[in-house]
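K.L.:
Sequence first, then the predicted structure:
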Amino acid sequence: MSIKSTNEIAITQQHWMGNFALFMMVTGALIFFKTTDQVLENAYLSRSVIIVLLIIIGVTTFLISRSQLSSRYQAHLLSIMLLIVPIVSINLLPYAAVTVWASCFLFLMIALISYNRIVMWYTIFVILATNLFVMLKAKTVFVEIDPTDHIARLGMIVIAVCIALIINHLHIRNLRQLHSLANQLHDAASRDPQTELLNLRGLEEVFVDDRRQLLLIGIHLENYYELARFFGEEIQERVLFDCIERLRSLLPPHLALIRVEAGTLAVVMEKPDGVSCHEEMALLSQRMSAPYQIDLHQIYVNLYIVIDDGEVVQTNWMKRIRQVNSALQETVQQDQKVMCIDQGWRKEQAMRVEAARALSLAEIKRDFYLVYQLQYDSNQEEFVGLEALVRWKTDLAGANRPSVFIPIAEKSDLIIRLGEWIFEEGCKTRKRLIGLVPEQFTVSVNVSPRQLTNDSFMPFIERMLLKYALKPQQIKIEITESQSLDFESQSILRALQRIKTLDFPVSLDDFGTGHASYHVLERLLPLRQLKIPKQFIEQIEEATKRHSILESIFQLTKSMNVECIIEGVETGEEVQIAKNIGIHIFQGYFFAKPVSLAEIIQLLEIKNKEAAE
Ligand code: C2E
Ligand code: MG
Ligand code: MG
């Protein structure tokens, strides 16, 4: 609901004034027509002229009230129109002095409903002028009025005018108070009460018709809630205020600062010319993340920034905010401090939406298949296992990658059904390989957190082992150390406990990319394997930091007596560096790419044949 300004209220009142005047004039004309003779005695205007005049006044007043003129001009014009009424009435004075006064009071009534001071002053002027005229000209117009009656009537008129002025004053005052109250309410609804920044509603209102290409920058304090937990709400609030102050001082001139929700703020600004927004924001993120000194505490905030470049001019701010919010979640998950919502991002998002739609129609056996990637042990000089990797047969470009469709499947129960199918296929494959590979050869199956917490998962894998007569040691369960896996959750812990008692080897995939601490590793013990992701071996030749991380992870696995495998090795140099550190199990394109089961079998048969010769 929008709040009307005083001017708008005056215009509405003047509409009513127009309606009222039209009604009164037409009714007056009718009454006049019925009650008077054709030729009026002593009157200088005939009956028909008066009737026509009254109707013209009514219609013109109505039209003025509906015109586009400002309320001020309207008030003057309306008053002038109505002024004609007493003037016309004066013409009837000889025998209709009462009509003159009545028309004056009519004007007074109209002035009252107009809530308008201008009309009010006209009224007072007309009433006084008309009555003075009657008083002075009483003799010449043959009105028989006792002179004392003039005084009494004037007194009554003054009282009536005073009452009208008081009512008018009270009306206008109440109206102003109501209006300021409405403004306050409106302000409260469009501002965040804690910070007094605009809220989402306020944002929408301020920029509702703005068609400029405006940047929308989302800023998220990841540890906002933790601040309250660790330091208390007062310090949380002070950090937030300091943060807003810093933003104000560091940001280039901006149009609005908005509080989206708890620890999420947004800034609207014009696109600066020729500056790389990404670089600017990276700098801003760095400065904003510098510790906050609150009393004796030095507080660090994890700040993430998303910039919506506004390339697609969108006046739907809620939609833009939703996009920025979902991109912020992505930045937190990927631990990427600054991200830009550009054409590429929008395309990717649109593709994900399409993928989600297509996935909801997918049939597992028809639309998915598995590929396998061999794992090589350089000490034993043979393949020791393989990882099952799912693929989706889809026409949607880019959507067949598991990194796209698995997170979507994980948002629904599709992952449970898909996961069960993958697990069973993995068991079938392991059974199919009997005779071709040593007994301890493992098939690794990736298991999502949602599967782990599903009550039917453990009974299912037990059934599969029985069905395919496999030993638990022949199937490795790969759990990704992602942020979505909460090792504190009771259901996860129960599932892990059950996996342990069944003696399934567990591999912690993508180690070092999530939140696993030593404490988590302890819970997973006896963990069979730690899997080091590709990013720690990539271009390791130049990166001494990565080298030392790799070394320390290897030392950790050694001290925990856990197998260490490195994935994503693509070059001989990478293999050599890993070997020098002590790592001897590999999965990567250098040894084998993910291929179909038929190709794996063919390769293993050739290897076996070569070994036999
Ligand atoms: P992951 O389990 O860490 O799988 C390893 C990924 O690295 C695979 O990508 C594999 O193809 C790729 N890779 C292996 N060696 C190399 C290399 O030398 N160079 C490069 N550039 N890449 C290499 P993929 O198949 O795209 O899988 C990506 C992720 O999707 C997997 O990461 C896993 O988290 C998930 N995923 C794949 N299959 C499944 C599945 O069956 N179930 C579940 N829940 N997740 C799966
Ligand atoms: Mg894996
Ligand atoms: Mg991995």
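P.N.:
Perfect, I can see it now. Ligands and ions are numbered 1, 2, ... in the order given.
K.L.:
Every contact and neighbour count from this point should use C-alpha atoms.
P.N.:
Noted.
K.L.:
By proximity to ligand 3, which residue of the chain wins?
P.N.:
Nearest residue of the chain to ligand 3 (C-alpha to the ion) works out as D510 at 4.3 Å.
K.L.:
Quick check: that residue touching Q535?
P.N.:
No: with contacts counted by C-alpha atoms under 8 Å, D510 stays clear of Q535, the gap being 9.2 Å.
K.L.:
These two: which is more packed in?
P.N.:
D510 (21 against 15; other C-alpha atoms under 10 Å).
K.L.:
what stretches of the stretch 401-550 of the chain score poorly on pLDDT?
P.N.:
Along the stretch 401-550 of the chain, segments meeting pLDDT under 70 span 482-485, 487, 514-520, 523-525, 540-542.
K.L.:
what does it put close to ligand 3?
P.N.:
Proximity of the stretch 401-550 of the chain to ligand 3 (C-alpha under 5 Å from the ion) is limited to residues D509, D510.
K.L.:
if you set the cut-off to 6 Å instead, what comes out?
P.N.:
D509, D510, P533 (C-alpha under 6 Å from the ion).
K.L.:
Now do the same contact list for the residue lying closest to E382 once chain neighbours are set aside.
P.N.:
Nearest non-adjacent residue to E382, counting by C-alpha to C-alpha, 6 or more residues apart in numbering: Y376, 5.8 Å away. Residues counted as contacts of Y376 (C-alpha atoms under 8 Å, 6 or more residues apart in numbering) are E382, F383, V384, G385, I585, F586, Q587, F591.
K.L.:
Then I157?
P.N.:
Listed by C-alpha under 8 Å, 6+ apart, the contact set of I157 reads I127, L128.
K.L.:
Okay, and it sits in which element?
P.N.:
Following DSSP states H and E, one finds I157 within helix 147-190.
K.L.:
could you point out which element follows that helix?
P.N.:
The helix or strand immediately downstream of helix 147-190 is helix 200-206, counting by DSSP H and E.
K.L.:
With just CA atoms, put that next one into PDB.
P.N.:
As requested, the backbone C-alpha atoms of helix 200-206 are provided in PDB (Å, rounded to 0.1, in the frame of the first residue of the first chain):
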ATOM      1  CA  LEU A 200      14.200  -5.600   0.900                       C
ATOM      2  CA  ARG A 201      10.800  -3.900   0.700                       C
ATOM      3  CA  GLY A 202      12.600  -0.500   0.900                       C
ATOM      4  CA  LEU A 203      14.900  -1.500  -1.800                       C
ATOM      5  CA  GLU A 204      12.100  -2.500  -4.100                       C
ATOM      6  CA  GLU A 205      10.300   0.800  -3.400                       C
ATOM      7  CA  VAL A 206      13.300   3.000  -3.900                       C
END
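K.L.:
in that helix, what counts as buried?
P.N.:
Within helix 200-206, the residues that count as buried by 16 or more other C-alpha atoms under 10 Å are L200, R201, G202, L203, E204.
K.L.:
got the angle between the helix or strand encompassing G18 and helix 147-190?
P.N.:
G18 is located in helix 6-35, with elements delineated by DSSP H and E. Relative orientation of helix 6-35 with respect to helix 147-190: 140 degrees, computed using axes from the mean of the first three to the mean of the last three C-alpha atoms, to 10 degrees.
K.L.:
Around ligand 1, pick out the residues from this structure.
P.N.:
Within reach of ligand 1 by C-alpha under 6 Å from any ligand atom, the chain has these residues: 389-390, 401-403, 422, 446-448, 509-510, 567-570, 587-589, 594.
K.L.:
swap the cut-off to 8 Å and go again
P.N.:
By the rule C-alpha under 8 Å from any ligand atom, the part of the chain lying against ligand 1 is 370, 373, 387-391, 401-403, 406, 415, 418-419, 422, 445-448, 478, 480, 509-510, 533-534, 567-570, 587-590, 592-594.
K.L.:
quick revisit: out of the buried residues of helix 200-206, which is nearest to ligand 1?
P.N.:
Among the buried residues of helix 200-206, L200 lies closest to ligand 1 (C-alpha to the nearest ligand atom), at 36.4 Å.
K.L.:
which SS state does the closest residue in space to the closest one that isn't next to it in sequence fall under?
P.N.:
Excluding the flanking residues, the one nearest L200 by C-alpha to C-alpha, 6+ apart is V260, at 6.1 Å. Of the three states, V260 takes strand according to DSSP: H, G, I helix; E, B strand; the rest coil.
K.L.:
so who does V260 touch?
P.N.:
Counting by C-alpha under 8 Å, 6+ apart, V260 has contacts N199, L200, A266.
K.L.:
Equivalent analysis for S596, please.
P.N.:
Counting by C-alpha under 8 Å, 6+ apart, S596 has contacts L370, V371, Y372.
K.L.:
can you map out the helices along the stretch 451-600 of the chain?
P.N.:
Using DSSP state H, counting those that start in this stretch, the helices found in the stretch 451-600 of the chain span residues 457-467, 490-501, 518-524, 544-560, 572-581, 597-612.
K.L.:
In a markdown table, list those along with mean neighbour count.
P.N.:
Shown next, in a markdown table, are those (neighbours: other C-alpha atoms under 10 Å):
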| stretch | mean neighbour count |
| --- | --- |
| helix 457-467 | 15 |
| helix 490-501 | 16 |
| helix 518-524 | 13 |
| helix 544-560 | 15 |
| helix 572-581 | 16 |
| helix 597-612 | 13 |
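K.L.:
between those helices, which one is nearest to A189?
P.N.:
helix 490-501 (41.0 Å; C-alpha to C-alpha).
K.L.:
so where is the stretch 201-350 of the chain shaky, pLDDT-wise?
P.N.:
Residues of the stretch 201-350 of the chain meeting the criterion pLDDT under 70: 274-277, 312-315.
K.L.:
50 - rerun?
P.N.:
Filtered on pLDDT under 50, the stretch 201-350 of the chain yields no residues whatsoever.
K.L.:
Quick check: buried residues in stretch 25-36?
P.N.:
For stretch 25-36, by 16+ other C-alpha under 10 Å, it's M25, V26, G28, A29, F32.
K.L.:
Would you mind putting the CA coordinates of that stretch into CSV?
P.N.:
Extracted C-alpha coordinates of stretch 25-36, given in CSV (Å, rounded to 0.1, in the frame of the first residue of the first chain):
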residue,chain,number,x,y,z
MET,A,25,-26.1,23.0,-8.5
VAL,A,26,-28.3,20.6,-10.4
THR,A,27,-30.6,20.0,-7.4
GLY,A,28,-30.7,23.8,-6.8
ALA,A,29,-31.5,24.4,-10.4
LEU,A,30,-34.4,21.9,-10.2
ILE,A,31,-35.8,23.4,-7.1
PHE,A,32,-35.5,26.8,-8.6
PHE,A,33,-37.3,25.6,-11.7
LYS,A,34,-40.2,24.2,-9.7
THR,A,35,-40.6,27.0,-7.2
THR,A,36,-40.2,30.2,-9.2
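K.L.:
That stretch - what's its average pLDDT?
P.N.:
The average pLDDT within stretch 25-36 is 82.
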